[in-house]
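Asks: here is a sequence with its predicted model. Questions after.
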Amino acid sequence: MADSPEETVSDRIEVDGVAMVQLLGPQDRLLRVVEKEHPDVDVHVRGNEITLSGAPDDVRAARGLVDELLSMTRSGQGLDPSDVSSSNRMLRSDGGPRPSEVMGEAILSSRGKVIRPKTAGQKEYVDAIDENTIVFGIGPAGTGKTYLAMRLKRVLVRLDEAGTGDARRLERFARNERYRAIWSTLALWGIAVGALMLAFRGL
């Protein structure tokens, strides 16, 4: 007895409120990433309508990704191909935050440039810098540890000098800077005392 063919379903998404080029990207660059992330799903675009066809679980997963991209686009966030891949990775992790919750929140806004977390880990990292005086960031090269920390400090310094910005964040920043100054002074004193002890020992 021959196996019955796998069930195939289609899901149609009506896109309204945003231009398709914002959602799909110039020359459909973002659409190509969606197709790459879900190779078992046929994606067809006609006008402002997107149709996903394939096995039920595959279509459901692809629909989740498109919905998240649509949500971020509607909120005014510009997307690039790496955002699509990052969003798909987040959706694959059970119990993790939604991409629109992580990537849709601006960390900093300065001179017209908005910096947003690309991953849930980056969001947690910036929140930790916000809340704590000393933060150890451990991870592979190229994951944004130094970039995010330095950008956060530079923008907050400028906002502090101008007397503008998020009062809560600036207050924490000023407090942490005072603590850092104290720790730096103590560290220098420790080095000086250690050098003197070594010098006396050598006499």
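Replies: The structure has been received and is ready for your questions.
Asks: before we move on, which element is Ser86 in?
Replies: Assigned by DSSP states H and E, Ser86 belongs to helix 81-92.
Asks: quick one: the helices in this structure?
Replies: When secondary structure is read from DSSP state H, the chain shows helices at 20-24, 29-37, 56-74, 81-92, 99-103, 120-131, 145-162, 167-202.
Asks: so what's Trp40 closest to, chain neighbours aside?
Replies: Check again: residue 40 is Asp, not Trp. In space, and not counting its chain neighbours, Asp40 is closest to Asp58: 4.6 Å by Cβ to Cβ, 6 or more residues apart in numbering. Every C-beta, even on glycine, is put in place using the N, C-alpha and C of the backbone.
Asks: for the one you found, give me its contacts.
Replies: Contacts of Asp58 were listed using Cβ atoms under 8 Å, 6 or more residues apart in numbering, and they are His38, Asp40, Val41.
Asks: turn these into CSV, including neighbour count, pLDDT and distance to Ala62.
Replies: Shown next, in CSV, are those (neighbours: other Cβ atoms under 10 Å; pLDDT from 0 to 100; distance: Cβ to Cβ, whole Å):
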residue, neighbour count, pLDDT, distance to Ala62
His38, 21, 96, 4
Asp40, 12, 94, 9
Val41, 20, 95, 4
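Asks: the domain parsing of this protein - what is it?
Replies: Residue ranges for the structural domains of the chain, counted by automatic domain parsing, are given in the record as 1-104, 119-203.
Asks: so what touches stretch 76-89?
Replies: 22, 25, 29-30, 32-34, 37-38, 65, 68-69, 72-73, 99, 103-104, 116, 118-119.
Asks: now the chain, which segments are flagged as low pLDDT?
Replies: Low-confidence segments of the chain, defined by pLDDT under 70, span residues 1-5, 104-117, 120, 130, 132-133, 143-144, 147, 149-189, 201-203.
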